[in-house]
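Colleague: Mind folding the following:
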Amino acid sequence: MKRTCVLFALMCLASSAFGGTVNLHFLQPAGVNANGEYTYPYNFTVNGQFDKLMCVTLANQIIPGETWQANRYSVASLWGTANAPQFDEAAWLLKQEKPNNNEPAINWAAWAVFDQSIDLSQVIGAGNWLTAAQSQVYAQGQFADVFVYDPIPGRHSAGVSGQYSRTQHVADGGQRTTRSRWVVAPEASRLNFAHCLAE
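Modeller: Purely as a prediction, here's the structure:
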């Protein structure tokens, strides 16, 4: 399977709240394998600090042990851009993960935010989560604490095994295009990612 994901991250440290270039290291998937795909959370280190990220796009694969550089920016900073509504929806979904015990259907809904061709019929509740995210009224600056990690092309290493394909991701501090945006897994637990989000 090919996936791209956006990693969203909720960052706790004030020094982590600013944009800029960061170093990402994918450790391993920590979520449930639902319908053939690992879901939130994905264990990473960001500039050496442990974080849990969410993949928000399905397209390419990454493997555990892989590292790369990415640009980090807040979802709030995207306000007014063409992709802002999708990132607001994905950030809202990320914030639903912890209170709902890392429900796999939420991550599937986040993938569908960015790719309407994803079939949610095989994942119980995913369609409801997507509808809920699309029904919210978002305010400018609402997700200043959620960050997007956008991989920088040509700034990655190979993982411990398997093949690398460029993708996108987002991270949850506290988890598709043909651009690189990360997540890594051994041959047996291959992941597909692009952008990542983090709280």
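Colleague: Going along the chain from the helix or strand bottoming out on mean pLDDT in the chain, find the next helix or strand for me.
Modeller: Sorting the helices and strands of the chain by mean pLDDT, DSSP states H and E puts strand 191-193 at the bottom, at a mean of 40. From strand 191-193 onward toward the C-terminus, using DSSP states H and E, the following helix or strand is strand 195-198.
Colleague: and the helix or strand where Gln28 lies, what other elements does it pack with?
Modeller: In the assignment (DSSP H and E), Gln28 maps to strand 20-29. Here strand 20-29 touches strand 42-46, strand 67-74, strand 146-156, going by 3 or more Cβ pairs under 8 Å, 6 or more residues apart in numbering; DSSP states H and E. All C-beta spots, glycine's among them, are computed from the backbone N, C-alpha and C.
Colleague: Select, out of those strands, the one closest to Ala90.
Modeller: Comparing the helices and strands packed on strand 20-29 against Ala90 with Cβ to Cβ, the closest turns out to be strand 146-156 (8.5 Å).
Colleague: Okay, buried residues for the closest one please.
Modeller: Under the neighbour-count criterion of 16 or more other Cβ atoms under 10 Å, strand 146-156 has Val146, Phe147, Val148, Tyr149, Asp150, Pro151, His156 buried.
Colleague: and those residues as TSV, adding distance to Asn101?
Modeller: Listed next are these as TSV, based on distance: Cβ to Cβ, whole Å:
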residue	distance to Asn101
Val146	19
Phe147	23
Val148	24
Tyr149	24
Asp150	29
Pro151	29
His156	32
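Colleague: Strands of the protein, residue ranges please.
Modeller: 7-10, 20-29, 33-34, 37-38, 42-46, 49-53, 60-62, 67-74, 146-156, 169-170, 191-193, 195-198 (DSSP state E).
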